[in-house]
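Novice: have a look; sequence and predicted model below, questions after that.
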Number of protein chains: 2
Amino acid sequence: MIEPLELRHLRYFVAVAEELHFGRAAQRLGMAQPPLSQQIQRLEQIIGARLFERTSRRVQLTDAGTALLPDARRLLAGAEAALLAARRAGRGEQGELRVAFAATVMFLALPEIIRAFRDRFPGVHLDLREMPTGPQLAGIKAGEIDIGFVREPEPDPELDIVTVMREPLRIAVPKGHPLASRATISVRHLADEPFVLFPAELAPGLHAQVMSLCRAAGFTPRVVEESRELYTSVSLVEAGIGVSILPASVEKLGWRGVRYRAIPSASAETRIAAAWRKDRGRPVVEAFMGVVQEKVAGGR
Amino acid sequence: MIEPLELRHLRYFVAVAEELHFGRAAQRLGMAQPPLSQQIQRLEQIIGARLFERTSRRVQLTDAGTALLPDARRLLAGAEAALLAARRAGRGEQGELRVAFAATVMFLALPEIIRAFRDRFPGVHLDLREMPTGPQLAGIKAGEIDIGFVREPEPDPELDIVTVMREPLRIAVPKGHPLASRATISVRHLADEPFVLFPAELAPGLHAQVMSLCRAAGFTPRVVEESRELYTSVSLVEAGIGVSILPASVEKLGWRGVRYRAIPSASAETRIAAAWRKDRGRPVVEAFMGVVQEKVAGGR
DNA sequence: ATTTATCCATAGCGATTACATATGATAGAA
DNA sequence: TTCTATCATATGTAATCGCTATGGATAAAT
């Protein structure tokens, strides 16, 4: 019968090789001497060669023992290191995290969150990518993205979605537009205006919200253009193609031909949410969300 | 209680990680599924983190499992390699062998033996050094040399000594010496000649043999010079300081002012022996001596 | 929607084995 | 030689490894 090699054999072997004394080695291992002798004999049987030349007076390594000792030490150290690495990975202190974010989120707290997370978890490799909300949600479900920062979408049975930030909506009108002279603009004033919007599949949450704001104001917006890029939307507004309702942080883009006006309504705000898969309880995800919660709570 | 990590855990883990199916992994491991589940649970307890996210339908690696898998594979392969290396060392196919040889042995079969051994045991590193017989024997006893090729010394309780070669002795006289005209010279003709010899502590066997040859011829040689180097001995003879009795292979040095004459006596021969420590049964030593025996037997 | 099939987890049991204590054998020291 | 230190052997016991039987959950099939 062939007994397989175990780390126990190597642990015992190294102890005896270092002490060159079965009694002391056994003591160091916290066991009695006879079983230690037995296990060394087993190991010798596994290898098919004596590891120690032993008389009742002297214990010394044979050629086979001399060859095995450094390997055994290396293996034991490697096993220990592997154990620690796995533990760290289990605590979310090591691994890879793929984070996606909608373009506008970059204007808000995300950079600070990233910095804080990197400080706290230097062992985690962050893979960041900009992506619209719709593809993000698909990517998360497909397992290609771990966490997405999105304009808050409808609840989804597969996803955990947590609001991390609120941001007012603004009405964007071109510089010379009649409404541009007002300090605030109610949504109902836009009833007859042409709209420039993101397509629903790219930003479902924002799209739905704009629609419901208009519906609440008693009309259905006339969408004349859908743009797939934030910059395009703004430039379409500037060109006078239409008006738009956009998150306040877009102001920071600094488009000179566009005016942003507040909406006098408490519900005219978007929520930025973090989303991740409900089923896998990835520790890195939890670690990251811990940092997010902390930053968001402290930042208000 | 903290159970220690064993290779068994890693073997099972790798099997499950590769199959992503407990049943098939168990089959591959030649065991039933329940104990495999148990052992994986044990491993998860040791690590302190789940390694697989498992439903009854799907098994997939967690972060901790993903981190552990390459390490586990590496460790298992390393253990296998260490086992093989130790086995090879146990068979004398790997390791280091320190071989010493007396200067004149280099003229004989040693180079061929070395070559044959290197061919047969490429994993053994040979450390060769030239050294007189006396220091060799001391070095062998001290464990600094594994095998020595010497002019055969007296038996020694600590040493195994095996004759590997025989070689006639020659009488060396300077070119113009009266005895140089003879084809052979009996030892008794040297009764009144001054002798140049190696000191007893450097070449005890040769020294004792010359002494006993002279004693058998009825005189005690008058030693006028002792030289520590072979070349010096020969040049002293050439310079007419005295005569000497030397192994025949010294002729190959090609000293033009010296004549070598045969001795008409069967006992006028030296034996070259290999010597090694009796106590340690080093497999490399045995492997080497096996090649020596073969070469010597075939070379006669 | 209900049923069925698949598959991992749990329970209980038997056999193995890892370790303990007691004792023997041997080699070096006094 | 006698004594002592030390490794090996013998034997008993407790832990554990693996097996069979069964439970429970989930996805697929009807």
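Specialist: In hand now; what should we look at? Computed from a predicted model, the values in this text were never measured in an experiment.
Novice: any weak-confidence spans in the stretch 51-200 of chain A?
Specialist: In the predicted model of the stretch 51-200 of chain A, residues A:107 satisfy pLDDT under 70.
Novice: let me know the secondary structure of the residue in it that DNA strand D sits nearest to.
Specialist: For the stretch 51-200 of chain A, the residue closest to DNA strand D is A:Ser56, as judged by C-beta to the nearest atom of the strand, at 3.4 Å. Heads up, the C-betas are built off the backbone N, CA and C, glycines and all. Under DSSP: H, G, I helix; E, B strand; the rest coil, the three-state class of A:Ser56 is coil.
Novice: what about it, how many neighbours?
Specialist: A count of nearby residues for A:Ser56, using other C-beta atoms under 10 Å in any protein chain shown, gives 5.
Novice: quick check on it: phi, psi?
Specialist: Here the main-chain torsion angles of A:Ser56 (degrees, to the nearest 10) amount to phi -70, psi -10.
Novice: what of A:Lys295?
Specialist: phi -60, psi -40.
Novice: assign A:Arg98 to helix, strand or coil.
Specialist: strand.
Novice: dump the residue contacts of it.
Specialist: Contact partners of A:Arg98, counting by C-beta atoms under 8 Å, 6 or more residues apart in numbering or on different chains, are A:127, A:129, A:144-147.
Novice: list only buried entries from these.
Specialist: A:145-147 (16 or more other C-beta atoms under 10 Å in any protein chain shown).
Novice: what about the helices in the stretch 51-200 of chain A?
Specialist: In the stretch 51-200 of chain A, helices defined by DSSP state H, counting those that start in this stretch lie at A:63-90, A:110-120, A:133-142, listed in chain order.
Novice: the buried ones among the contacts of A:Arg98 into JSON lines, with extra columns for distance to A:Arg87?
Specialist: Listed next are the buried ones among the contacts of A:Arg98 as JSON lines, based on distance: C-beta to C-beta, whole Å:
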{"residue": "A:Ile145", "distance to A:Arg87": "26"}
{"residue": "A:Asp146", "distance to A:Arg87": "20"}
{"residue": "A:Ile147", "distance to A:Arg87": "23"}
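Novice: show me what from chain A comes close to DNA strand C.
Specialist: Counting by C-beta under 7 Å from any atom of the strand, the residues of chain A close to DNA strand C are A:3, A:8, A:26, A:30-35, A:38-39, A:42, A:55-58.
Novice: please redo it, this time with the cut-off set to 10 Å
Specialist: Counting by C-beta under 10 Å from any atom of the strand, chain A comes close to DNA strand C at A:1, A:3-4, A:6, A:8-9, A:11-12, A:26, A:29-39, A:42-43, A:54-58.
Novice: now do the one residue in the stretch 51-200 of chain A that gets nearest to DNA strand C against A:Phe22, distance only.
Specialist: Using C-beta to the nearest atom of the strand, the single residue of the stretch 51-200 of chain A nearest to DNA strand C is A:Ser56, 3.3 Å away. For A:Ser56, the distance to A:Phe22 equals 10 Å [C-beta to C-beta, to the nearest Å].
Novice: what do you get for A:Gly78?
Specialist: Computed as C-beta to C-beta, the A:Gly78 to A:Phe22 distance reads 26 Å.
Novice: higher neighbour count, those two?
Specialist: More neighbours surround A:Phe22 than the other of A:Gly78 and A:Phe22, with 19 against 15 (other C-beta under 10 Å).
Novice: pretty sure the more buried one sits against A:Phe13.
Specialist: No - the pair A:Phe22 and A:Phe13 fails to qualify as a contact (C-beta atoms under 8 Å) at a distance of 11.5 Å.
Novice: between these two, what contacts are shared?
Specialist: In the contact map built from C-beta under 8 Å, 6+ apart, the residues linked to both A:Phe22 and A:Phe13 are A:Ile40.
Novice: how's chain A carved up into domains?
Specialist: Chain A breaks down by automatic domain parsing into domains covering A:7-90, A:96-300.
Novice: rewinding a little: could you export the contacts of A:Arg98 as CSV, including distance to A:Leu84?
Specialist: Formatted as CSV, the contacts of A:Arg98 follow (distance: C-beta to C-beta, whole Å):
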residue, distance to A:Leu84
A:Asp127, 24
A:Arg129, 31
A:Glu144, 29
A:Ile145, 28
A:Asp146, 23
A:Ile147, 26
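Novice: in the stretch 201-300 of chain A, what residue is nearest DNA strand C?
Specialist: Distances from the stretch 201-300 of chain A to DNA strand C, computed as C-beta to the nearest atom of the strand, single out A:Gly281 as the nearest residue at 14.6 Å.
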